[in-house]
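Engineer: Predicted model and sequence below, questions to follow.
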Amino acid sequence: MSLSATRLVGLGIAVSALAVSLVACGQDDGGDDSGSGSGSAKKIALLLPESKTTRYEALDRPLFTEALKAACGNCELIYSNADQDAAKQQQQAEAALTQGANVLVLDPVDGKAAAAVVNSAKGQNVPVVAYDRFIDNANYYVSFENEAVGKLQAQTLVDALKAAGKTSGNLAMINGSPTDPNAADFKKGAHSVLDSSGYKVAAEFDTPDWSPDKAQAWMEGQLSAIKNGLVGVYAANDGTAGGAIAALKGGGVTPLPPVTGQDSELAAIQRIVAGDQAMTIYKAVKPQAEAAAKGAVALANGGKPESTTEKNGVPSTILDPVAVTKDNIKDTVVKDNIYKVTDICTASFAAACSAAGLSTN
């Protein structure tokens, strides 16, 4: 073999070795290897409950995806939305386990039914992060102080009524889904304020599936009995608030009484700007998603998530809710880049935005 041929063979061997080395080093697609464990990428399943509440697809899903990528560059996300169907969610959880999920991050449709998902996962040595809604026997829980949410909603409603000079009158109370453990906490917190407020809860409804349509239909059915003395509406979230407001408008209630909400949906922020809704609750989803993602990665690698407290023996990170009214939209959802002013102040809301001090300029 000539010297030149010998050199070419040697160069070929060197290039092949370098290629193998680069492939071995490049398995994480440029991310860190914090989730790689023994070298294989970890699989994290995010199981969200429904899409009628717009925050899940608009905020929770993309923010969790971003947070997971930051916490674990080569982790694989398995995503499902149960469309408010507990049986479907259980099937999705089983499918994720079959796909090799190392951790389930579960926001349950039905907190009690979710216990079966936890048991199934733990039977396969797969830990569960309870996301937003508590699940007994989960490995980690990330949410907000839910009774505090109800108290904050109710107190903001009471303060608005008193500021308007109304010291008595009837309230309609539209709670969340009876299968959602958080809804019970919101309700308990709200009652702790409203029951001693001097206002009367004249009618109350637990809204199946958090359905805005069902909230609207119920409110329409109550108007003939409570319309004349109605001074305020406690609505547990922005979807039910929207349903209640549609019923009030359709029933000729003017001026609209103050209506509460929760989740800071874009439509709700616009209703607040327009004066149709009094307030919403801003639950900063980004830190919630980040805590859940970091906790999931820690569990996937056999570690323990960072927690601030415990709930029923489950290590937990509990975040604080914030009341959003027309006065602090700019300092909450706009400041945190949840929405841009241009998102809120579309043409039909331009005049109301100007009056509220929200400028697109």
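Structural biologist: That came in fine, so what should we check first?

Engineer: only C-alpha atoms for contact and neighbour calcs from this point on.
Structural biologist: Fine.

Engineer: so after the least confident helix or strand in the chain by mean pLDDT, what's the next helix or strand?
Structural biologist: Using mean pLDDT, DSSP states H and E, helix 3-25 stands out as the lowest-scoring helix or strand of the chain, at a mean of 39. The helix or strand immediately downstream of helix 3-25 is strand 43-48, counting by DSSP states H and E.

Engineer: so how far is that following strand from its chain's centroid?
Structural biologist: Counting by CA atoms, centre = their mean, to the nearest Å, strand 43-48 is centred 14 Å from the centre of its parent chain.

Engineer: Likewise for stretch 55-63?
Structural biologist: Offset of stretch 55-63 from its chain centre (CA atoms, centre = their mean): 7 Å.

Engineer: Give me the contacts around it.
Structural biologist: 48, 50-51, 263, 265, 285-286, 289-290 (CA atoms under 8 Å, 6 or more residues apart in numbering).

Engineer: burial measure for residue 65, as a count.
Structural biologist: Using other CA atoms under 10 Å, residue 65 is surrounded by 19 other residues.

Engineer: sorry, that was for residue 271
Structural biologist: 22.

Engineer: so where's the stretch 151-300 of the chain uncertain?
Structural biologist: Scanning the stretch 151-300 of the chain for pLDDT under 70 picks out nothing.

Engineer: from memory residue 69 sits against residue 75, does it?
Structural biologist: Yes - applying CA atoms under 8 Å, one finds residue 69 in contact with residue 75, separated by 7.1 Å.

Engineer: So those two - more neighbours on which side?
Structural biologist: Shown here are residue 69 and residue 75; by other CA under 10 Å, residue 75 has more neighbours (24 against 17).

Engineer: State whether that one and residue 41 are indeed in contact, as I suppose.
Structural biologist: Yes - assessed by CA under 8 Å, residue 75 is found in contact with residue 41 at 5.3 Å.

Engineer: Quick one: the helices in this protein, in order.
Structural biologist: All helices of the chain, identified by DSSP state H, fall at 3-25, 55, 61-71, 86-98, 114-123, 146-163, 181-194, 212-226, 238-250, 266-274, 285-300, 341-344, 350-355.

Engineer: Can you check which of these gets nearest to residue 317?
Structural biologist: Nearest of the helices of the chain to residue 317, taken as CA to CA: helix 285-300 at 7.5 Å.

Engineer: Restricting to C-alpha, output that closest one in PDB.
Structural biologist: Extracted in PDB, the C-alpha atoms of helix 285-300 (Å, rounded to 0.1, in the frame of the first residue of the first chain):
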ATOM      1  CA  VAL A 285     -49.000  30.100  36.000                       C
ATOM      2  CA  LYS A 286     -45.400  30.500  35.100                       C
ATOM      3  CA  PRO A 287     -43.900  29.900  38.500                       C
ATOM      4  CA  GLN A 288     -46.500  27.100  39.000                       C
ATOM      5  CA  ALA A 289     -45.400  25.400  35.800                       C
ATOM      6  CA  GLU A 290     -41.700  25.900  36.600                       C
ATOM      7  CA  ALA A 291     -42.100  24.300  40.100                       C
ATOM      8  CA  ALA A 292     -44.000  21.400  38.600                       C
ATOM      9  CA  ALA A 293     -41.500  20.800  35.800                       C
ATOM     10  CA  LYS A 294     -38.500  21.000  38.200                       C
ATOM     11  CA  GLY A 295     -40.300  18.700  40.700                       C
ATOM     12  CA  ALA A 296     -41.000  16.200  37.900                       C
ATOM     13  CA  VAL A 297     -37.400  16.100  36.800                       C
ATOM     14  CA  ALA A 298     -36.200  15.700  40.300                       C
ATOM     15  CA  LEU A 299     -38.600  12.700  40.800                       C
ATOM     16  CA  ALA A 300     -37.600  11.200  37.500                       C
END
